[in-house]
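# Return atomic coordinates for the entry below.
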Amino acid sequence: MNIVTLGLLAVLVAGTLDVEMAVITGGEYRPLYFSKNSEQISVSSFILDITPVSNIQFFEFIGHTPVWEKNSIPTLFTEDTYLGHWSQHDNVWQPEPSQNQEAVTNVSWFAAQAYCEVQGKRLPTVAEWEFVARASESRPDGSEELGYNQRILNWYARPNLNANIGQTPNNYWGVKDLHGLIWEWTEDFNSNLISGESRADASIDTRLYCAAAATDAADPSDYAAFMRYGFRSSLKARFAISNLGFRCAGSADDAKEGVGD
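Next up, the predicted model:
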């Protein structure tokens, strides 16, 4: 795997928050909920944060961009639950020390995108996220591995218990926590890509829009696909949800030459 370390821009005080990113070699993939006869989606090479953004990283970002503080952010860009898991000390909202290395949640799409833009990056697209998330620990496509889909389904079945980032094994690309920690914002979480998917495969209408049909699916991965699709299509960009966070992506051109495995 190729790993590149990118520091935040000077506005975030050089050296305080170096971020490791994995270099993802592009290719083609077929989303879980497409039939095996559907056309594959092409994904260009890009870079992706190895772990989700933590509470302490987001707190330091706010320290230098106070417009995104809980008491300052316009209601147009979020709702009352924004950073609701933080505490107020001396009129400053901040995570408790025990939360510092947990993935930040209760952030809107607008706030997540702003964080990434300050670093010269962006949120990953749905296709980029899914392309990386289909990897197992040893293969770029782990969907055929015994137990792979079941691990994902086990996550959906249990209560959300937030934990420190970076605790899951690296996948094939060297990325962690894509399954088993939180949901993550994507750049185009409810874009026209969704309607395009429906036109590409008529079976999606029954397998995704109707829960009963989904429970009759023969492929266990359909359950996970239904959950992901249903969640993201119901979101609005100003929502701040207790199990929804994010990580950043960037252009493959930003990867520094000579960075080794």
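# Local confidence estimate at the residue lying closest to Phe110 once chain neighbours are set aside?
Across the structure, with C-beta to C-beta, 6 or more residues apart in numbering as the measure, the residue nearest Phe110 apart from its sequence neighbours is Phe77 (4.1 Å). The C-beta positions use only the backbone N, C-alpha and C, and glycine is treated the same way. With respect to pLDDT, Phe77 scores 95.
# Would you mind listing the residues in contact with Phe77?
Applying C-beta atoms under 8 Å, 6 or more residues apart in numbering to Phe77 gives the contacts 108, 110-111, 238.
# Can I have the buried ones of the residues you listed as a PyMOL selection?
Buried subset of the contacts of Phe77, written as a PyMOL selection, criterion 16 or more other C-beta atoms under 10 Å:
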select buried, resi 108+110+111+238
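# Helices - which of the contacts of Phe77 land there?
110-111 (DSSP state H).
# For the contacts of Phe77, could you give me a markdown table that also reports pLDDT and distance to Phe131?
As requested, the contacts of Phe77 are arranged in a markdown table below (pLDDT from 0 to 100; distance: C-beta to C-beta, whole Å):
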| residue | pLDDT | distance to Phe131 |
| --- | --- | --- |
| Ser108 | 95 | 25 |
| Phe110 | 95 | 25 |
| Ala111 | 97 | 25 |
| Arg238 | 93 | 27 |
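# Looking at the contacts of Phe77, point me to the pair that's furthest apart.
Greatest spatial distance in the contacts of Phe77: Ala111 and Arg238, 9.4 Å, computed using C-beta to C-beta.
# Check the contact lists of these two and give me the overlap.
With C-beta under 8 Å, 6+ apart, Ala111 and Arg238 have common neighbours 77-78.
# now the contacts of Phe77 in a markdown table, with distance to Arg247?
Formatted as a markdown table, the contacts of Phe77 follow (distance: C-beta to C-beta, whole Å):
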| residue | distance to Arg247 |
| --- | --- |
| Ser108 | 15 |
| Phe110 | 16 |
| Ala111 | 14 |
| Arg238 | 20 |
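# List the buried residues for the longest strand anywhere in the chain?
For the chain, the longest strand by residue count, based on DSSP state E, is strand 19-24. Buried residues in strand 19-24, defined by neighbour count with 16+ other C-beta under 10 Å: 19, 21-24.
# Out of those residues, which one has the weakest pLDDT?
Out of these, that is Val19, at 78.
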